[in-house]
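>>> Quick one, what's the 3D model for this:
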Amino acid sequence: MTKDELKEMLEKVANGSLTPDEAVTKIRLQPYDDLGFAKIDVHREIRQGAGEVIYGEGKTDEQICKIVKHILASDSESVLITRMSPDSAERLAKEVELFYDKTSKIGIAGKRKTDCSRGNIVIATGGTSDIPVAEEAALTAEYYGSRVTRLYDVGVAGIHRLLDNAAVLAEANAVIAVAGMEGALASVVGGMVDCPVIAVPTSVGYGASFNGLAALLSMLNSCASGVSVVNIDNGFGAGYLANMINKSR
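Alright, predicted model coming up:
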């Protein structure tokens with residue numbers, strides 16, 4: 001049930017053409033759609049303002065296809081798919097309209113939104129190796145309508161690269177700082193801006209980085225105020241949260 005359908009149903013209750021009990025029954029009959037291998041949360045957009053997102057990793061090509069087609073058939077214009085393999089994307093593209101980005105492994109099935117003009121989110125990476133996670137964040141935020149400014153390879157090993165973009169950072173409603181190694185970028189950015197900073201530790205780095213654990217702990221211990229941290233390599237979570245912040249400002 002879409003927001004428009006819910007509004008129409010409530011209007012019918014208001015004008016007496018539908019009883020409250022009948023409306024409750026309609027809502028209760030659609031808590032989720034059971035596909036056997038997946039239970040589609042059809043009310044998520046009503047509750048949260050954004051529909052269900054498909055996590056592609058670990059799902060078969062057939063499962064992804066069935067979930068996507070079911071969601072699109074339920075009045076959704078598009079579906080966001082994260083961690084989608086190129087093989088799964090190739091298979092799905094034969095079934096539905098699909099945008100796929102190999103770098104971030106983000107897929108958008110159905111009609112891709114073209115209006116990405118709301119506010120401004122700045123995404124900064126420590127290095128080029130962090131771009132796949134950063135692009136997952138960027139494409140997620142753009143999918144929900146936010147404008148994204150990318151500042152890639154501006155890590156603290158050459159801090160003048162970041163300082164040269166101080167004016168760009170100052171215009172952000174939210175900054176996503178993506179970095180592996182020791183994860184120092186988030187603290188530096190947090191000391192430069194007056195908006196929330198979302199830190200994303202990545203699994204980039206040598207042995208003692210412990211696949212992102214060192215960066216995660218550094219970011220959690222940031223001395224800069226206003227820095228929050230998502231999980232290792234969780235570009236999607238950062239992009240989603242940054243969009244929520246951006247649209248509320």
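
>>> From the chain's centroid, how far away is stretch 238-249?
Distance of stretch 238-249 from the chain centroid (C-alpha atoms, centre = their mean, to the nearest Å) equals 9 Å.

>>> Stretch 187-197 too?
21 Å.

>>> Any stretches of the chain with poor pLDDT?
Residue ranges of the chain with pLDDT under 70: 1-3, 28-31, 46.

>>> hey, where'd the strands end up in it?
Counting by DSSP state E, the chain has these strands, from start to end: 33-34, 39-40, 54-55, 78-82, 98-101, 106-110, 118-125, 146-151, 174-179, 197-201, 227-229.

>>> what's the closest of these to residue 218?
Checking the strands of the chain against residue 218 by C-beta to C-beta gives strand 197-201 as the closest, at 7.7 Å. For every residue, glycine as well, the C-beta is placed using N, CA and C.

>>> got a markdown table for the strands of the chain, with mean neighbour count and distance to residue 91 too?
Formatted as a markdown table, these follow (neighbours: other C-beta atoms under 10 Å; distance: least, C-beta to C-beta, whole Å):
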| stretch | mean neighbour count | distance to residue 91 |
| --- | --- | --- |
| strand 33-34 | 12 | 22 |
| strand 39-40 | 15 | 20 |
| strand 54-55 | 16 | 14 |
| strand 78-82 | 22 | 12 |
| strand 98-101 | 18 | 10 |
| strand 106-110 | 24 | 11 |
| strand 118-125 | 24 | 30 |
| strand 146-151 | 19 | 29 |
| strand 174-179 | 30 | 30 |
| strand 197-201 | 31 | 29 |
| strand 227-229 | 20 | 35 |
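
>>> which stretch among those comes nearest residue 164?
Comparing the strands of the chain by C-beta to C-beta, strand 146-151 comes nearest, at 9.6 Å.

>>> Which residues does stretch 84-99 contact?
Contacting residues not belonging to stretch 84-99 are listed as 56-57, 59, 61, 64-65, 68-69, 72, 81, 100, 102, 105-112 [C-beta atoms under 8 Å, 6 or more residues apart in numbering].

>>> related to what we said a few turns ago, turn the strands of the chain into a markdown table, columns for distance to residue 245.
Formatted as a markdown table, the strands of the chain follow (distance: least, C-beta to C-beta, whole Å):
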| stretch | distance to residue 245 |
| --- | --- |
| strand 33-34 | 31 |
| strand 39-40 | 27 |
| strand 54-55 | 22 |
| strand 78-82 | 18 |
| strand 98-101 | 23 |
| strand 106-110 | 20 |
| strand 118-125 | 8 |
| strand 146-151 | 9 |
| strand 174-179 | 4 |
| strand 197-201 | 8 |
| strand 227-229 | 10 |
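
>>> closest to residue 216 out of these?
Closest among the strands of the chain, once you apply C-beta to C-beta, is strand 197-201, at 4.1 Å.

>>> mind listing what the closest one pairs with, with the direction of each?
When pairing is defined by DSSP bridges, strand 197-201 lines up against strand 174-179 (parallel), strand 227-229 (parallel).

>>> Generate JSON lines for those, with distance to residue 124 as supplementary columns.
Listed next are the strands paired with strand 197-201 as JSON lines, based on distance: least, C-beta to C-beta, whole Å:
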{"stretch": "strand 174-179", "distance to residue 124": "5"}
{"stretch": "strand 227-229", "distance to residue 124": "13"}
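
>>> Tell me where this protein has helices.
With helices called from DSSP state H, the chain shows them at 3-15, 20-28, 44-48, 61-73, 86-93, 131-143, 160-163, 166-170, 185-190, 213-220, 235-247.

>>> Kindly provide the distance from residue 242 to residue 70.
Using C-beta to C-beta, to the nearest Å, residue 242 is found at 29 Å from residue 70.
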